[in-house]
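Asker: predicted model and sequence follow; I will ask about them next.
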Amino acid sequence: MGLEPDPKRLVFVGGLHRSGTTPFAKVLDGHPEVSGLLGTGVREDEGQHLQTVYPKAKVHGGSGRFAHRPEAHLTEASPLASPANAQSMLDAWVPFWDTSKRLLVEKSPPNLIMGRFLQAQFPGSGLIVVVRHPVAVALSNKKWRRLASTNPRKFQSLEQMVGHWLAAHRILAADAGHLDRLLVVHYERLIRSPEEELGRVQSFLGLEQPIDASRLSSSHGDPYAERWASYQSRWRPGGWQRRLIGSRHAEEIAGFGYDWADLSGFSRPAGPLGLTAAV
């Protein structure tokens with residue numbers, strides 16, 4: 001017997017924490033042909049928290065750490081890849097989908113580095129990854145952690161978080177050639193040119209109607225550019241981290257289309273590091 005529901009109906013959304021995956025998934029869920037996981041009772045309605053087949057990102061250190069753990073990078077070679085485990089994952093998600101819809105979306109940050117595993121489990125499924133400037137992700141995570149936790153063991157510097165971003169997207173770039181259905185959505189384009197970027201998503205998913213861009217509020221814009229620019233001052237807290245990030249990571253960040261010093265700048269470079277289109 002085949003898997004139920006049909007794996008070709010599945011769309012996985014991934015991207016590092018604070019990259020914009022949640023507002024993007026909500027916009028998708030608003031489309032009449034699409035259902036996301038709703039009413040789950042778990043954080044951000046993420047499917048990783050419902051299933052019991054693979055460890056959650058938290059087990060591997062959580063946001064800012066999980067991509068450094070080799071065991072978090074699941075591929076088709078994982079011993080966890082099996083038809084029985086695939087059905088177990090679906091059984092955990094199905095109660096929270098509207099299965100009358102054509103496409104069923106599961107969003108979890110670690111899907112970013114699990115595309116090959118998900119493809120092996122669910123042949124014909126699609127993966128959409130949301131990518132955001134590494135410094136903006138680092139600054140947003142620092143703010144979020146101050147609000148969510150005072151545990152000193154969870155402390156990470158901005159430079160360490162940028163290093164984690166690069167590690168995660170390095171894995172994605174290497175995996176891209178193994179994935180049959182991958183689309184990378186850039187957060188910056190999603191906010192500034194939502195109709196254009198969501199048009200790419202519509203085409204990738206084969207949706208008859210456009211995706212409603214009005215659900216992307218301008219409040220989802222990037223508030224961190226001014227703060228990052230202020231760190232140019234030698235005396236400003238964060239100035240040392242800014243210089244360290246520039247000296248260690250400027251070239252690799254540029255390979256992903258970003259200017260380490262300017263959060264407002266973005267270009268799509270050619271080659272695998274660009275991660276620009278469906279593969």
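Answerer: Thanks, I have the structure now.
Asker: what strand or helix carries the residue lying closest to residue 244 once chain neighbours are set aside?
Answerer: Spatial nearest neighbour of residue 244, excluding adjacent residues (CB to CB, 6 or more residues apart in numbering): residue 159 at 4.8 Å. All C-beta atoms are positioned from the backbone trio N, CA, C, and that covers glycine. Per DSSP states H and E: residue 159 is located in helix 158-175.
Asker: what helices or strands is that helix leaning on?
Answerer: Secondary-structure packing of helix 158-175 (3 or more CB pairs under 8 Å, 6 or more residues apart in numbering; DSSP states H and E): helix 115-121, helix 134-148, helix 239-255.
Asker: spatially nearest residue to residue 22 (excluding sequence neighbours)?
Answerer: residue 44 (5.5 Å).
Asker: just to revisit the earlier point, and the angle for the helix or strand that the helix holding residue 159 is followed by with helix 158-175?
Answerer: Sequence order places strand 182-186 as the next helix or strand after helix 158-175, per DSSP H and E. Relative orientation of strand 182-186 and helix 158-175, computed by axes from the mean of the first three to the mean of the last three CA atoms, to 10 degrees: 150 degrees.
Asker: just the buried residues of the helix or strand just after strand 182-186, please?
Answerer: Under the assignment DSSP H and E, the closest C-terminal helix or strand after strand 182-186 is helix 187-192. Going by neighbour count (16 or more other CB atoms under 10 Å), the buried part of helix 187-192 is 187, 188, 189, 190, 191.
Asker: related to what we said a few turns ago, what about the helix holding residue 159, average pLDDT?
Answerer: In this model, helix 158-175 has a mean pLDDT of 96.
Asker: swap in stretch 124-137?
Answerer: When pLDDT is averaged over stretch 124-137, the result is 96.
Asker: what's the answer for stretch 74-93, then?
Answerer: Stretch 74-93 comes out with an average pLDDT of 98.
Asker: buried stuff in that stretch?
Answerer: The neighbour-count check on stretch 74-93 (16+ other CB under 10 Å) flags 74, 75, 78, 81, 85, 86, 87, 89, 90, 92, 93 as buried.
Asker: just send the buried residues of helix 187-192 back as TSV, with pLDDT and distance to residue 27 too.
Answerer: Shown next, in TSV, are the buried residues of helix 187-192 (pLDDT from 0 to 100; distance: CB to CB, whole Å):
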residue	pLDDT	distance to residue 27
187	92	12
188	90	16
189	90	14
190	91	9
191	89	11
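Asker: what bridges to residue 185?
Answerer: Judged by DSSP bridges, the bridge partners of residue 185 are residue 130.
Asker: what distance do you get for residue 240 to residue 230?
Answerer: Separation of residue 240 from residue 230 (CB to CB, to the nearest Å) stands at 14 Å.
Asker: list the contacts of residue 262.
Answerer: residue 225 (CB atoms under 8 Å, 6 or more residues apart in numbering).
Asker: gap between it and residue 135?
Answerer: 9 Å.
Asker: ok, now residue 15?
Answerer: Relative to residue 135, residue 15 is positioned 16 Å away (CB to CB).
Asker: so which helix or strand takes in residue 12?
Answerer: Residue 12 belongs to strand 10-14, assigned by DSSP H and E.
Asker: give me the angle between that strand and strand 182-186.
Answerer: Put simply, strand 10-14 runs at 40 degrees to strand 182-186, going by the same axes, to 10 degrees.
Asker: for strand 10-14, name the packing helices and strands.
Answerer: helix 21-29, strand 103-107, helix 115-121, strand 126-131.
Asker: rerun at 7 Å
Answerer: Where contact means 3 or more CB pairs under 7 Å, 6 or more residues apart in numbering; DSSP states H and E, strand 10-14 is packed against helix 21-29, strand 103-107, strand 126-131.
Asker: could I get the ones you listed as a markdown table with distance to residue 53?
Answerer: Below are the helices and strands packed on strand 10-14 laid out as a markdown table (distance: least, CB to CB, whole Å):
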| stretch | distance to residue 53 |
| --- | --- |
| helix 21-29 | 21 |
| strand 103-107 | 13 |
| strand 126-131 | 17 |
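Asker: quick one: neighbours of the residue nearest to residue 156 when sequence neighbours are not counted, just the number.
Answerer: Closest residue to residue 156 apart from its sequence neighbours, by CB to CB, 6+ apart: residue 64 at 4.9 Å. Around residue 64 there are 27 other residues, counting by other CB atoms under 10 Å.
Asker: can I take it that residue 64 is in a helix?
Answerer: No: according to DSSP: H, G, I helix; E, B strand; the rest coil, the state of residue 64 is coil, so it is not within a helix.
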